[in-house]
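> Provide a 3D model corresponding to the input given below.
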Amino acid sequence: MEPLVQLRERILARFPGADVTVLPNPAPVGQDSLVIGREHALAIARFLRDDPELSLDYCSNVTGVDWPQQEVIETTRVTQPDPTTGTPKVYEQKTKRLTPAFLEVVYHLYSMARQHGPVIIRLRTGNRTDQVAVPSLTPIWRACEFQEREVFDLFGVTFEGHPDLRRILMWDGFKDHPMRRDYVEPDDYEWEPTAHDDVLKKAQEHLARAEGRQP
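Residues are numbered from 1 along each chain as shown. Predicted coordinates for the structure are as follows:
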């Protein structure tokens, strides 16, 4: 299996102007991944499946990640004259910036024909509010169908071109997306048929407040 840096170069040669970045993984497992821009995602996915050297014909896993806005501290080195001696001296300069919030979909790809993998690719939304769409990769790997529905249900990512995009775990009238980091669990558990322990306590407190009693 070729290194991801080399694979990225092959993708860019095939799709000039495509947004493809190698994302290193500092963890011991060392599974780096490719972040692919939404515009070329479907075409690149088809290339990964159909290229004879890759033959990534199986998607084993699709999952979502919620990335809230984060503060990043960047360190740069600047050379300035020493105020005492006047000789050049290297100083570290730290600046803070905020990274925008977004949702991410992660796909693990394998080749059953060539027995290699995984190749991990990532698609990212524009934000977490009104730009939450990415192309569905179900037309390339049918195994994505139910798993993209799960990411849609729990994270709120909309998959354009999905053949049957609807909730798969939560019911149609359910609000919000339980796997988002800012999700607030409701205290109304009246729908729970066998409420017990903490669930029962929250249901009783909710009922007391609804009836104007002290919980």
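> From here on, just use CA atoms for contacts and neighbour counts.
Fine.
> got the domain boundaries for this structure?
Following automatic domain parsing, the chain resolves into domains at 4-67+101-171, 185-215.
> Tell me which of those domains sits most buried.
Stretch with highest mean neighbour count among those: domain 4-67+101-171 (a mean of 17; mean count of other Cα atoms under 10 Å).
> Backbone dihedrals for the residue lying farthest from the centre of the chain, please?
Centroid-distance maximum for the chain: T85 at 51.3 Å, with Cα atoms, centre = their mean. As for T85, its main-chain torsions (degrees, to the nearest 10) stand at phi -100, psi -20.
> which residues touch it?
Taking Cα atoms under 8 Å, 6 or more residues apart in numbering, we find T85 in contact with no residue.
> before we move on, back to that, which of the domains of the chain has the lowest mean pLDDT?
Note on the domains of the chain: lowest mean pLDDT is at domain 185-215, with a mean of 71.
> In this protein, what residue spans correspond to helices?
Using DSSP state H, the helices of the chain run over 4-14, 41-50, 144-155, 197-210.
> Can you add distance to L23 and give those helices back as TSV?
Below are the helices of the chain laid out as TSV (distance: least, Cα to Cα, whole Å):
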stretch	distance to L23
helix 4-14	9
helix 41-50	16
helix 144-155	21
helix 197-210	41
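> For the residue nearest to the spatial centre of the chain, give its distance to E39.
Nearest to the geometric centre of the chain sits E104, at 1.9 Å (Cα atoms, centre = their mean). Distance, E104 to E39, by Cα to Cα, to the nearest Å: 15 Å.
> and what of Y91?
For Y91, the distance to E39 equals 41 Å [Cα to Cα].
> Quick one: the strands in this protein, in order.
With strands called from DSSP state E, the chain shows them at 20-23, 33-36, 58-67, 70-81, 88-99, 102-111, 116-124, 133-135, 158-160.
> got the angle between the fourth one and strand 88-99?
On the basis of axes from the mean of the first three to the mean of the last three Cα atoms, to 10 degrees, strand 70-81 is oriented at 160 degrees to strand 88-99.
> Could you list the residues in contact with strand 70-81?
With contacts defined as Cα under 8 Å, 6+ apart, strand 70-81 is touched by 87-101.
> Looking at these, state which has the most neighbours.
Highest neighbour count within the contacts of strand 70-81: A101, with 15 neighbours (other Cα atoms under 10 Å).
> tell me the contacts of that one?
W67, P68, Q69, Q70, N127, R128.
> now P135
Per Cα under 8 Å, 6+ apart, neighbours of P135: R38, A41, L42, F159, E160, G161, H162.
> ok, the closest residue to N127 other than its chain neighbours to L154 distance?
The shortest distance from N127 to any non-neighbouring residue, by Cα to Cα, 6 or more residues apart in numbering, is to F102 (4.2 Å). Between F102 and L154 the computed distance is 15 Å (Cα to Cα).
> same deal with L42?
The gap separating L42 from L154 is 23 Å, by Cα to Cα.
> Cross-check the contact I'm expecting between D82 and Y91.
No: using Cα atoms under 8 Å, D82 is not in contact with Y91, being 9.7 Å away.
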